[in-house]
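Q: structure of the sequence below:
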Amino acid sequence: MASLTDRPPASGVVRAPSKPATIKDVAAAAAVSIATVSRALNGGERVLPETVARVRAVALALGYTPSRTARGLVTGRSANVGVILPDVTNPFFAPLLAAIESAAQAQDHGVLIGDSREDPAAELRIARRMTSQADGIILVSSRLPDDEIRALAARVPVVLANRQLAGLDSAVIDVAPGFTGAIEHLAALGHTRVLYLAGPAGSWSGQAKERALHDAAAASGIMLTTWGPHRPTFDGGRQVADRVLASGYGAVICYDDLMALGLQSRCADRGVDVPGELSIIGCDDALPDGMARPALTTIEGRSDELGQLAADLLLDRMARLTDPPQSRTVTSRLIIRASTAPTPHKLR
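A: Purely as a prediction, here's the structure:
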């Protein structure tokens, strides 16, 4: 039902005030009550469509922007979504976050960002705080135990990016095509022994990568060795480099591009030819052009598409709480650049 005070304004001309407009200014210019303005701008059902159109036109003319806090008091929602990342400095997550922000802003939602720094305890503290500040949360590459994630999902909608858990929406990268391609590429170059530098312990995507590598190695007749866990950082790659160079392996696959870049950097320090003496493959395709020399052969992760899928899932879940959970997938692929080559026979 429309408010009894809803009536056309006395004049068809609305001029923007010299100072920021308030809800009172909109109400006066549209000749309606403040409560009607609030309902019209927040999707209330008790306002006539023509009144909604008039109020919104006046608000636009006056340059009025509703307060998120005030709107939250009316709707019971914060109009925010939360995103928790394991390492905000990792370049893999920048396109993912940009895609989430773009999708959220398109529906007039703000984005709250948390950085757990690869610490599950910190991730849990941030997530618990966000449940009272956001209408839904995207957990990216979460390190939390399953039961903690389910407890969070009982409070607000939760979407997992790069992890799967029964009963929850998820968007994941199918790493099998990319890592299978990496093993097949090295086998074609004549490598028979390959070293894999694993990432953080408890990483769901890390476990998926290891499964894909072992399956592909078995199918290709490659002897695969896994070392880890390691921090998925530039320093993590540099720290393990001397041990790699002493091992006699001629080909290394790294958990991510940052580790591969660190390994490559230490090789340069020691005068080790990449790829002449050591072939290196990264994962994510997250480095800017020219950062890795030689250019890094890597497994494309398409994190921007992962972010878009995760955002779409969360926004859909927030609108339809009782729908069955959905899972979306991004397919990986190997990108061959200049950091892989046949090695001398003694290193194969």
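Q: quick one, phi/psi of residue 158?
A: Dihedral pair for residue 158: phi -130, psi 130, per degrees, to the nearest 10.
Q: so which residues of the stretch 1-150 of the chain form strands?
A: Applying DSSP state E, counting those that start in this stretch to the stretch 1-150 of the chain gives strands spanning 80-85, 110-115, 137-140.
Q: contact partners of the first one?
A: Same thing as strand 80-85. Defining contact as Cβ atoms under 8 Å, 6 or more residues apart in numbering, one finds that strand 80-85 is touched by 68, 93, 97, 100, 104, 109-116, 123, 126-127, 130, 133-142, 311, 314-315, 318. C-beta coordinates here come from the backbone N, C-alpha and C atoms, glycine included.
Q: which of those residues are buried, as a PyMOL select command?
A: Selection of the buried residues among the contacts of strand 80-85 in PyMOL, burial being defined by 16 or more other Cβ atoms under 10 Å:
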select buried, resi 93+97+100+104+109+111+112+114+115+116+123+126+127+130+134+135+136+137+138+139+140+141+142+311+314+315+318
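Q: now tabulate the strands of the stretch 1-150 of the chain in a markdown table and tack on mean pLDDT.
A: Shown next, in a markdown table, are the strands of the stretch 1-150 of the chain (pLDDT from 0 to 100):
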| stretch | mean pLDDT |
| --- | --- |
| strand 80-85 | 97 |
| strand 110-115 | 96 |
| strand 137-140 | 98 |
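Q: those strands: which one's closest to residue 289?
A: Nearest to residue 289, of all those, is strand 80-85, at 23.5 Å by Cβ to Cβ.
Q: quick one: that closest one to strand 110-115, angle?
A: Comparing the axes of strand 80-85 and strand 110-115 via axes from the mean of the first three to the mean of the last three Cα atoms, to 10 degrees yields an angle of 20 degrees.
Q: chain center to strand 80-85: distance?
A: Centre-to-centre, strand 80-85 and its host chain are 9 Å apart (Cα atoms, centre = their mean, to the nearest Å).
Q: buried residues of that strand, list them for me.
A: 80, 81, 82, 83, 84, 85.
Q: quick one: secondary structure of the residue nearest to residue 274 when sequence neighbours are not counted?
A: Counting by Cβ to Cβ, 6 or more residues apart in numbering, residue 274 lies nearest to residue 267, which is 5.1 Å off, once chain neighbours are set aside. Using DSSP: H, G, I helix; E, B strand; the rest coil, the structure places residue 267 in helix.
Q: do the same with residue 328
A: Assignment for residue 328 (three-state DSSP): strand.
Q: what are the bridge partners for it, then?
A: residue 171 (DSSP bridges).
Q: that one against residue 307, yeah?
A: No. The criterion here is Cβ atoms under 8 Å, and residue 328 misses it with residue 307 at 11.3 Å.
Q: which one's more surrounded, these two?
A: Per other Cβ atoms under 10 Å, whichever of residue 328 and residue 307 has more neighbours is residue 307, with 27 against 17.
Q: residues in contact with the helix or strand containing the more buried one?
A: Using DSSP states H and E, the element containing residue 307 is helix 303-319. Residues from elsewhere that reach helix 303-319 (Cβ under 8 Å, 6+ apart): 81, 92-100, 102-104, 107, 109, 135-138, 140, 157, 159-162, 169-173, 284, 286, 323, 326, 328, 330.
Q: quick one: the spatially most central residue of the chain and residue 128, what's the gap?
A: Nearest residue to the geometric centre of the chain (Cα atoms, centre = their mean): residue 96, 4.0 Å. As judged by Cβ to Cβ, to the nearest Å, residue 96 and residue 128 stand 23 Å apart.
Q: and residue 46, by the same measure?
A: To residue 128, residue 46 is 36 Å away according to Cβ to Cβ.
Q: ditto for residue 307
A: Separation of residue 307 from residue 128 (Cβ to Cβ): 23 Å.
Q: ranges for the strands of the stretch 201-348 of the chain?
A: In the stretch 201-348 of the chain, the strands defined using DSSP E, counting those that start in this stretch lie at 223-227, 251-254, 279-284, 297-300, 327-331, 333-335.
Q: most tightly packed of those?
A: Comparing these on average neighbours per residue, with mean count of other Cβ atoms under 10 Å, the densest one is strand 251-254 at a mean of 30.
Q: helices of the chain, start to end?
A: Applying DSSP state H to the chain gives helices spanning 23-30, 34-41, 49-62, 68-75, 93-106, 120-130, 146-153, 176-188, 204-220, 234-247, 257-269, 303-319.
Q: of all these, which one is nearest residue 343?
A: Residue 343 lies closest to helix 176-188 among these, at 9.7 Å (Cβ to Cβ).
Q: hey, which helix or strand in this structure has the poorest pLDDT?
A: helix 68-75 (a mean of 53; mean pLDDT, DSSP states H and E).
Q: can you report how many residues neighbour the nearest residue to residue 325 once chain neighbours are set aside?
A: In this structure, residue 325 finds its nearest non-sequential neighbour in residue 169, 5.0 Å apart by Cβ to Cβ, 6+ apart. Neighbourhood size, residue 169 [other Cβ under 10 Å]: 27.
Q: alright, that wraps it up for me.
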